[in-house]
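Undergrad: Sequence and predicted model, in that order:
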Amino acid sequence: MRPEDAPGDAPALDVAGLHVSFGGREVVHGLSLRLHRGECVALVGESGSGKSVTARALLGMAGAGASTNAARLELLGRDLTDAGERTWRSVRGRDIGLVLQDALVSLDPLRPVGREIEDALRIHERLPRAARRARVLHLLERVGMPDPVFAATRRSGELSGGLRQRALIASALALDPPLLVADEPTTALDVTVQARVLDLLAEIREAGTGILLISHDLAVVARLADRILVMRGGRVIEEGPTETVLRSPREAYTRALLAAVPTDRPRGSALSVRAGASDAATLPPATQYGGRTRTTSAVSGPAPTGHGSERPLLQLHHVSKAFDVPGGRLTAVDDVTLELHAGETLGLVGESGSGKTTVARLALALSTPDSGDVVLDGIDWSRRPERERRPMRPRLGAIYQDALSSFDPRWSVGRILADAAARGRRLSGRADSLVDDLLEQVGLEPALAERRPLTLSGGQRQRVAIARALAAEPEVLVCDEPVSALDVTIQAQILDLLDRLQRDRRLAMLFISHDLGVVRHMSDRVAVMRAGRIVELGDAESVFRAPSHPYTAQLVADAPRIVA
Amino acid sequence: MSELELRQSTVEASAEHIAPRGRRWPRPGTILAGGFVAFLVVATLAPSVAWTQDPNAIAPALAFESPSFAHWFGTDESGRDVYSRVVAGTGTSLLIGVTATLIGLALGLVLGLLASFAGRVFDFAVNRVIEVLFAFPGLLLALLVIVVYGPGPVTATIAVGLSTAPGYARIIRGQFVSIRSSHYVEAARVLGRSPARILGRHILPNALVPLSVLATLGIGQAIVWASALSYLGLGAQPPAAEWGAMLAAGRTYLATAPWLTAFPGLMIVGTTIATTILGRALARRGQEGR
Amino acid sequence: MLRRAVALVSGAAFVLWAVATLTFFAIRLIPGDPAQAILGGPGSQASQEALDQVRREYGLDRPLIVQYLAMLGRLLTGDLGHSYALKVPVADLLSSQLGGTMLLAVMALVVAWMLALGLSLWSTGRSRFASIIGDGIELTAAALPHFWLAGVLIAVFSSGLDWLPPVSTGTPAGFVLPVVTLAVPLAGFLAQVMRESLLDAMQQPFVLSARARGESTTGIRLRHTIRHAALPAISLSGWALGWLLSGAVVVETIFAMPGLGRTLLQAVTLRDIPVVTGVVLLVALVYVFMTVLTDLASRIADPRLRQEGAR
């Protein structure tokens, strides 16, 4: 029997002055934290803020080469400041559980999930095998697994993303620990699945488990947390009840984080606090933000759409595309019709596997449709042989999720941009000034021209990718998940940049993302895609405000948002 | 899988595990390996600088002397200085190793290019050829070549080159295929670049530079295989001062004069280790230089 | 799974056919008269009648294509022809030699696996020092040529310490040095691969999950990382066996053991073509069989491969 939680407000977890350093470099500077049973505390921060290290340190596993010390580290009233590995092992799994991101790799892909869940029981309790099995099935049922008996025999790769995340949670809950640390538990999941997993975590909290929820996403946290701790550079810079932190944040950085969340933010308003700031790495310390929350100087006014009678620049006309997959054929894109006009942004939103990327590839004529036509400015784009398409390709630019892999690893930023700007011609002496000009347009220093993309930060890479796409002066820009790999504040800067450039150059932009908030913020019109089909298409505001298709309605309802 | 692919994959892995740290100086192992290879090069180009006496000077009175200050590696049955003979054999052994590697690399490149760029039919055919050649594991293909053309150093060199070719071919094909389907090649297509330009600017440079790593690794393997053939009496023949042949000649005196076989063998082992270490260093530089 | 099996078997059959064909035509490239070779090589002064007689006997007077088809026909019935030098059926000769060589190779494979596993488990997840030592041992082991290692082992354990016989005696003691000679370099290769995959596996999030459940370091190795480390080594075993059979040529010669390797070397030296062809085909058969086996074993050990299906 575990000692029951003392009456009153003795916290289940009480940490004060937690320091973690790696080889003399301190990454967590004196963090304090209290967590009660049945309470959910969220630790929010961007990459490098020290939130994940903190989570691991609370289980005594900050990592090889890490040194952890704390003024106080009490778990259920037990002092663990000087605990050795043996003590920690007896605590882990029994008194505190850990749920990581992406169960595909967080559960051993070679073992059935039932065995993984059983492990905690085997380690901490002497139970006959049959009793352990029964507990496993019970646990799987508790986390809402549809067919526990079947699921227990599956390996993580054989379950869908949502189900395997449930299995991972079941393995952390095996001994019903009073505390659960959840490190980005829903990050890789589709919105609808994410919403269900968050519901499950809420149920677990209601049942009396204390949850420490770690996330980069304030909107995800808003739904579940009772209190929020905002971390930056290894310190908690703001702490308070969820309502207070979200509605009246004290710190400028918290405000910047909140401002960066695009959900429900009208088109045309800037997301980044300092438009044009090149990256988090070069962001000034939080104190320099002063009282300014955001400037709207960079972007203003409604988008100049007015395409009434104009011919669409890019058209997908009843386009279908299927691929061979093991065990049959998958129709990735099924009878899709889309029109894109000059000066407008068409958002394409859908969950993973909905066919968004295939649409992008068809639009770029990187693959040919099985049926239907792609028409570029009146030209039968998809039917022409590649040789005839090539001279027209500069009219379309593309930006991808993973900017780094889209650059030749041997080329410098300068060479990449000069090559794109040259459009196959010789640039002779103008190359340097062209490159400087392009870098300036995307808010980068000219000195970066000599660097290789590998040495740049994520935000800088995406800026270089944008500069490359613009170098050939395209009329159409296809963006496939351009910000999903970036931190929120960087995401905000990139979105602002894209939005500004789209307006300035009257680009026709096809903006693809899984993130409803991002798409809504960026788009004039929105197409909602599901299983290869467009289920809803219309003006962005009306689609999101009054969705006509039940799937869209579900997506909108499940999208995490700050103000519920 | 082939021995070469194995060496290659672990080299790549070791390059990945060692994160770039902006290191200016090579590691101590790399310096040592570099020094050893430098010695081999000197011994090849100007053996008289490196040897202590005439490798063919017979002195029956001094036969079977164990290693000493005068004779670092001892003397053989005719009183010849083993160290000087090892130095004299360096050129032949390296020449065989390098030539065999170049033959293997060239054949591999032809096969790899055919498979990657001459269409699906060729890709299919080349892959079957590679598969079939892999069914002659290790020295077997080399032995077959020797049956047909008779023993001798030239045949042995060609035989080793041939037997290593399928390994090169598969690695090279793999490199081309992965580069061709890479995002940066796609990005070049989106910019409207012609296939010839993409091949010349992106695919070839990115595929060929790693070949230097591959060739470095291959030399060690080729030297081992070629000396195995010499040892079996199918490559260079005993009077010649080639490492494998020296080992074969020293076999008779294994019990009484083990230094006759120990030192030429150590040179082979040293060369293989040194080339592997240098290959790794090259691979690391390739990773960091990006 | 069935489709996969059919693909594997037909692929294997194709490789064997191609090996037989390639070998047959390669042998025809040999300059000189096969009949001469049968009668003791170019030096022999065989009479014209004797040569004609041999040509008829071995079917050498028939057109090449007929000879080729006849060869394929005989292969299907397991007939590998007659040895030129020993004048006995090749199939009989080889079947008497196969057992010893396979025993040697399989024992070497097992020993190499154990050495590699031990070394990689010892050298990972410890200090930086251990990993440098482990790396050095692997690198050196993988660089050791069989013929030299055998010499060193004989010099130390037979001539020096007099613990083990320098030539094979047919007793278990006589088997030790040949097995070690074959196993050590292979263990170097396998350990490199295992260590890399162990390191990879240890950095995977599922190890963190397991630790968070209270699993001990040993438990994590036994239940998790060791399986991941074994996977690539399993799939390498087909290559490894072929590599060992090739190494057996050297090792059997040095230790004067009867076996396929030594038979092959003698046949190569004497240009006893039917025997060379026979050994090559037999080794290819073993190799192809092992490849199919390791492919299936990998699929059983790693469910992710099964999911990818017929890729």
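TA: Alright, I've got the coordinates. Numbering: from 1, shown residues only, chains lettered A, B, ... in the order given.
Undergrad: Contact residues of the stretch 101-250 of chain B facing chain C?
TA: Residues of the stretch 101-250 of chain B that fall close to chain C, judged by C-beta under 8 Å from any C-beta of the partner chain: B:128, B:131-132, B:134-140, B:143-144, B:146-148, B:151, B:220, B:224, B:227-228, B:231-234, B:244, B:247. Yep, even glycine has a C-beta here, placed from its N, CA and C like the rest.
Undergrad: Please pick the buried ones from those.
TA: When these are checked for burial by 16 or more other C-beta atoms under 10 Å in any protein chain shown, the buried set is B:131-132, B:134-140, B:143-144, B:146-148, B:151, B:220, B:224, B:227-228, B:231-234, B:244, B:247.
Undergrad: Among the residues you listed, name the ones in helices.
TA: B:131-132, B:134, B:140, B:143-144, B:146-148, B:220, B:224, B:227-228, B:231, B:244, B:247 (DSSP state H).
Undergrad: Out of these, which comes closest to C:Thr171?
TA: C:Thr171 has its nearest neighbour among those in B:Tyr231, at 26.2 Å by C-beta to C-beta.
Undergrad: how would you label the residue in the stretch 101-250 of chain B that chain A sits nearest to: helix, strand or coil?
TA: For the stretch 101-250 of chain B and chain A, the shortest gap (C-beta to the nearest C-beta) falls at B:Gly192, measuring 3.1 Å. Three-state call for B:Gly192 (DSSP: H, G, I helix; E, B strand; the rest coil): coil.
Undergrad: Distance of it relative to A:Leu364?
TA: Distance from B:Gly192 to A:Leu364, counting by C-beta to C-beta, to the nearest Å: 11 Å.
Undergrad: Neighbour count: those two, which is higher?
TA: Under the criterion of other C-beta atoms under 10 Å in any protein chain shown, the comparison of B:Gly192 against A:Leu364 puts A:Leu364 first, with 22 against 19.
Undergrad: host element of residue 255?
TA: By default, I'm working from chain A. If you go by DSSP states H and E, A:Arg255 is part of helix A:252-260.
Undergrad: what are the pairing partners of the helix or strand following that helix, and which direction each?
TA: Using DSSP H and E, the next helix or strand after helix A:252-260 towards the C-terminus is strand A:314-325. Using DSSP bridges, the strands paired with strand A:314-325 are strand A:328-340 (antiparallel), strand A:371-376 (antiparallel).
Undergrad: one step back: buried residues in the helix holding A:Arg255?
TA: Within helix A:252-260, the residues that count as buried by 16+ other C-beta under 10 Å are A:Ala252, A:Tyr253, A:Thr254, A:Arg255, A:Ala256, A:Leu257, A:Leu258, A:Ala259, A:Ala260.
Undergrad: Point out the other helices and strands that it packs with.
TA: Helices and strands touching helix A:252-260, as assessed by 3 or more C-beta pairs under 8 Å, 6 or more residues apart in numbering or on different chains; DSSP states H and E, comprise strand A:227-232, strand A:235-241, helix A:488-505.
Undergrad: ok, now with 7 Å
TA: strand A:227-232, helix A:488-505 (3 or more C-beta pairs under 7 Å, 6 or more residues apart in numbering or on different chains; DSSP states H and E).
Undergrad: what inclination does it have with respect to helix A:488-505?
TA: If you take axes from the mean of the first three to the mean of the last three C-alpha atoms, to 10 degrees, helix A:252-260 sits at 50 degrees to helix A:488-505.
Undergrad: now helix A:252-260: mean pLDDT?
TA: In this model, helix A:252-260 has an average pLDDT of 86.
Undergrad: Stretch B:70-86 too?
TA: Rounded mean pLDDT across stretch B:70-86 is 77.
Undergrad: Closest residue of the stretch 1-150 of chain C to chain A?
TA: For the stretch 1-150 of chain C, C-beta to the nearest C-beta, closest residue to chain A: C:Gly125, 8.5 Å.
Undergrad: Just list the residues touching the closest residue to that residue other than its chain neighbours, thanks.
TA: Closest residue to C:Gly125 apart from its sequence neighbours, by C-beta to C-beta, 6 or more residues apart in numbering or on different chains: C:Met202 at 5.9 Å. When contacts are counted by C-beta atoms under 7 Å, 6 or more residues apart in numbering or on different chains, C:Met202 is found next to C:Thr124, C:Gly125, C:Thr225.
Undergrad: looking at those residues, which has the most residues close by?
TA: Neighbour counts for the contacts of C:Met202, by other C-beta under 10 Å, peak at C:Thr225, which reaches 26 neighbours.
Undergrad: leaving aside the residues next to it on the chain, what's closest to that one?
TA: C:Thr225 sits nearest to C:Ala201 (C-beta to C-beta, 6+ apart), 4.2 Å away.
Undergrad: just checking, next helix/strand downstream of whatever helix or strand the one you found lives in?
TA: Element membership for C:Ala201, per DSSP H and E: helix C:172-202. Per DSSP H and E, the first helix or strand lying C-terminal to helix C:172-202 is helix C:205-212.
Undergrad: what helices or strands is that following helix leaning on?
TA: Secondary-structure packing of helix C:205-212 (3+ C-beta pairs under 7 Å, 6+ apart): strand A:96-99, helix A:103-106, helix C:217-220.
Undergrad: Buried deepest among the ones you listed, which one?
TA: Comparing the helices and strands packed on helix C:205-212 by mean neighbour count (mean count of other C-beta atoms under 10 Å in any protein chain shown), strand A:96-99 ranks first with a mean of 28.
Undergrad: Rounded mean pLDDT for it, please.
TA: When pLDDT is averaged over strand A:96-99, the result is 92.
Undergrad: Give me the nearest residue to A:Asp539, chain neighbours excluded.
TA: A:Arg525 (5.8 Å).
Undergrad: How about C:Thr217?
TA: Going by C-beta to C-beta, 6+ apart, C:Thr217 has C:Gly125 as its nearest residue, at 7.4 Å.
Undergrad: wait, doesn't B:Gln175 sit right on B:Pro205?
TA: No. Applying C-beta atoms under 7 Å, one finds B:Gln175 not in contact with B:Pro205, separated by 11.6 Å.
Undergrad: out of these two, which sits in the more crowded spot?
TA: B:Gln175 (20 against 14).
Undergrad: so how far is B:Ser163 from the more buried one?
TA: 21 Å.
Undergrad: Same check on B:Arg7?
TA: To B:Ser163, B:Arg7 is 15 Å away according to C-beta to C-beta.
Undergrad: What segments of the stretch 51-200 of chain A are helices?
TA: A:51-57, A:85-91, A:103-106, A:113-124, A:129-142, A:148-152, A:161-173, A:191-206 (DSSP state H, counting those that start in this stretch).
Undergrad: quick one: buried residues of the second one?
TA: By neighbour count with 16+ other C-beta under 10 Å, helix A:85-91 contains the buried residues A:Trp88, A:Arg89, A:Val91.
Undergrad: Now the residue of the stretch 401-550 of chain A found nearest chain C: phi and psi?
TA: Closest residue of the stretch 401-550 of chain A to chain C, C-beta to the nearest C-beta: A:Ala485 (18.0 Å). Main-chain torsions, A:Ala485, degrees, to the nearest 10: phi -100, psi 10.
Undergrad: what about it, neighbour count?
TA: If you count neighbours by other C-beta under 10 Å, A:Ala485 ends up with 17.
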